[in-house]
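> here you go, sequence then predicted model.
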Amino acid sequence: MSKEIQLTSGNKGHFLNTAQVFSPDGHWLVYDTRNDDSKIGSTPSIEMVNVQTREIFELYRTKNQTDFGPGVGAVSFSPNAERVIFIHGIRNADKNRPYGFTRRTGVAIDIKHPGVPIFMDARDITAPFKLGALRGGTHAHAWSGDGHWISFTYNDYVIEQLAKTNPGVLDLRTVGVMFPGAVKVDPHPSLENNSGGMFSVIVTEVTENPQSGTDEIDKAFDEGWVGTNGYRRSDGSWQQKAIAFQGNVRDENGNTKTELFVVDLPGDLKQGKAGKALQGTASSRPAVPAGVKQRRITFLKHGVLGPRHWLRSTPDGELITFLTKDDSGFVNVFGVSPNGGEARQLSFHRLDIQSGINISHDGKKMAYVAENAIYVTEIDGGRSHKLTDTFTDSDKPASCVNWSPDDKTLAYNRYVNGFLQIFLLESNYK
């Protein structure tokens, strides 16, 4: 077994995001101070810890924090800059306007300027809506391989409010991206609106009533970038930017099943389709830009199953990994090409995997939690290595296992005396 190093010890949470928690040089780990996955709304601060000295440095603290918000959490490092991004609740949060799916945004901090929030996605819930702004809440921000774009899941506040009086309308979770291009929104005394440094669009199509046996979906979620710099299409051409995501379809019997989809993104996402408003209207959600191509790539027997997890791609973009049950009924890792085709099994445990997956930067290994222990599995051949003892339920690893930039170290959370702490582990094995 590899030897664990406990990096934090304070009597509070030290919650690592599902990915991108290491600084580009590997010297720092960024985290929020949640002690429970569901408590972003009541969490006040973002911190980072040095992996060698254990020095802790506060990057940001909310103002006027209450149990109802604004709240911060789910923080990730840019792959090539000293900048982090995290969820930030709307600044006017109170008992009547609490933190929620449609009431959050992405805020960045430059490490050299702690405490200075940089609002990334603009927010505008006042009609007529601003092009490039959103009207709801972004979540699960993930940097593209080049660090220039950010993906997110999204719920729309305007549609959420409309649904209260129109039963035919639902606020459906979807996926979007933001990219460089400042968007100015007129300030409002309510603090509901904000300008942003990025131009944001929604890139997945969802519908309230998917037809059975079709590729229509009513939820797009838990996405991941395909490849560090995209992937090679089946015709041999290169797709520079693409996102794999999970989508809920209806099978032939009308039952919900989760499948994998890919959305190919054109270079220009500022052009709308004829008659469709990218920024949305008072009665319609934001439209998908022209040139975006959405494809279903799996037709699984059981659909995606297991613990909640975000899709992960190998750096070369050739394989997208996910969890489902194998023929023996155990939750294992499977992989599929972004071009579609038969999914293949990558891990072969006779037990259920308990966490999401992260792939090493060299594309050769996967790390995750199973039987309350840390495992690494070789993608080529499926050989698995148990790196820790099996922990009890009270001190088991929580959430995902993250790789350092050089792939030599794993970082993860475990509870110690009731508090989430950060642990390091050498990823080498014999």
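Alright, I've got the coordinates.

> what about the protein, any weak spots by pLDDT?
Low-confidence segments of the chain, defined by pLDDT under 70: 429-430.

> got the contact list for the most centrally placed residue in it?
When CA atoms, centre = their mean is applied to the chain, the residue found nearest the centroid is A140 (3.5 Å). By CB atoms under 8 Å, 6 or more residues apart in numbering, the contact list for A140 reads T18, A74, F152, T153, D222, E223, W310. All C-beta atoms are positioned from the backbone trio N, CA, C, and that covers glycine.

> likewise for G280?
F129, R135, D156, V158, I159, P286, A287.

> with I87 instead?
I87 makes contact with I40, G71, V72, G73, A74, R104, T105, G106, V107, T138, H139, H141 under the criterion CB under 8 Å, 6+ apart.

> neighbour count and distance to P397 for the contacts of G280 - can I get that in JSON lines?
Formatted as JSON lines, the contacts of G280 follow (neighbours: other CB atoms under 10 Å; distance: CB to CB, whole Å):
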{"residue": "F129", "neighbour count": "20", "distance to P397": "43"}
{"residue": "R135", "neighbour count": "28", "distance to P397": "38"}
{"residue": "D156", "neighbour count": "25", "distance to P397": "35"}
{"residue": "V158", "neighbour count": "24", "distance to P397": "40"}
{"residue": "I159", "neighbour count": "22", "distance to P397": "37"}
{"residue": "P286", "neighbour count": "28", "distance to P397": "38"}
{"residue": "A287", "neighbour count": "19", "distance to P397": "41"}
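
> could you check how far C400 is from A242?
22 Å (CB to CB, to the nearest Å).

> of all pairs in the contacts of I87, which one is the farthest apart?
Using CB to CB, the pair of the contacts of I87 lying farthest apart is G71 and H141, separated by 14.9 Å.

> quick one on the thing from earlier: filter the contacts of G280 down to just the ones in helices.
Of the contacts of G280, the ones assigned to helices by DSSP state H are V158, I159.

> I'd like the contacts of G280 laid out as JSON lines, including distance to T324.
Formatted as JSON lines, the contacts of G280 follow (distance: CB to CB, whole Å):
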{"residue": "F129", "distance to T324": "39"}
{"residue": "R135", "distance to T324": "34"}
{"residue": "D156", "distance to T324": "30"}
{"residue": "V158", "distance to T324": "35"}
{"residue": "I159", "distance to T324": "31"}
{"residue": "P286", "distance to T324": "31"}
{"residue": "A287", "distance to T324": "32"}
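
> between the contacts of G280, which is nearest D121?
R135 (10.7 Å).

> could you measure from the residue nearest to that closest one when sequence neighbours are not counted over to C400?
In space, and not counting its chain neighbours, R135 is closest to V158: 4.5 Å by CB to CB, 6 or more residues apart in numbering. Distance of V158 to C400, given as CB to CB: 33 Å.

> just want the phi and psi numbers for D124.
phi -150, psi 100 (degrees, to the nearest 10).

> please read the previous query as pertaining to I40.
phi -60, psi -40.

> please identify which helix or strand holds H349.
Assigned by DSSP states H and E, H349 belongs to no helix or strand.

> hmm, it is touching N332, no?
Yes: assessed by CB atoms under 8 Å, H349 is found in contact with N332 at 5.8 Å.

> thinking again about what came up before, contact partners for the residue nearest to R135?
Per CB under 8 Å, 6+ apart, neighbours of V158: I125, F129, R135, G136, G280, A282, R285.

> then K241?
S144, W149, W225, G230, D264, L265.

> kindly report the same for R296.
D215, G247, V249, E259, L260, F261, G340.

> what does G147 give?
S78, P79, N80, A81.

> the closest residue to it other than its chain neighbours: neighbour count?
Take G147 and drop its neighbours on the chain: the residue closest to it by CB to CB, 6+ apart is N80, 4.2 Å away. Residues lying near N80 (other CB atoms under 10 Å) number 12.

> one more: the one 10 residues further on?
A count of nearby residues for I90, using other CB under 10 Å, gives 25.

> how far away is it from Y99?
Note on I90: its distance to Y99, by CB to CB, is 8 Å.

> ok, G356 next?
Plainly put, G356 is 23 Å away from Y99 if you go by CB to CB.

> then S195?
In terms of CB to CB, S195 sits 21 Å off from Y99.

> ok, now D406?
For D406 relative to Y99 (CB to CB), the value is 36 Å.

> who has more neighbours, the two?
Y99 (25 against 13).

> close enough to count as contact, V72 and K39?
No: if you go by CB under 8 Å, V72 and K39 don't touch, sitting 10.9 Å apart.

> quick check: N248 vs T207, distance?
Between N248 and T207 the computed distance is 11 Å (CB to CB).

> which residues do those two both contact?
By CB under 8 Å, 6+ apart, the residues touching both N248 and T207 are I217, D218.

> of these two, which one has the most company?
Ranked by neighbour count (other CB under 10 Å), N248 and T207 place N248 first, with 20 against 12.

> mind listing what that one touches?
The neighbourhood of N248, defined by CB under 8 Å, 6+ apart, consists of P210, I217, D218, K219, T256, K257, T258.

> what distance do you get for it to V304?
Counting by CB to CB, the gap from N248 to V304 is 10 Å.

> what residues do these two have in common as contacts?
T258.

> may I ask which helix or strand encompasses F261?
Going by DSSP H and E, F261 is in strand 256-265.

> and that strand, what other elements does it pack with?
strand 241-250, strand 293-296, strand 320-325 (3 or more CB pairs under 8 Å, 6 or more residues apart in numbering; DSSP states H and E).

> the second one: partners in the sheet, and parallel or antiparallel?
So that's strand 293-296. Sheet pairing of strand 293-296 (DSSP bridges) gives strand 256-265 (antiparallel).

> ok, the first one next?
Here strand 241-250 is paired, per DSSP bridges, with strand 220-225 (antiparallel), strand 256-265 (antiparallel).

> this completes my enquiry, with thanks.
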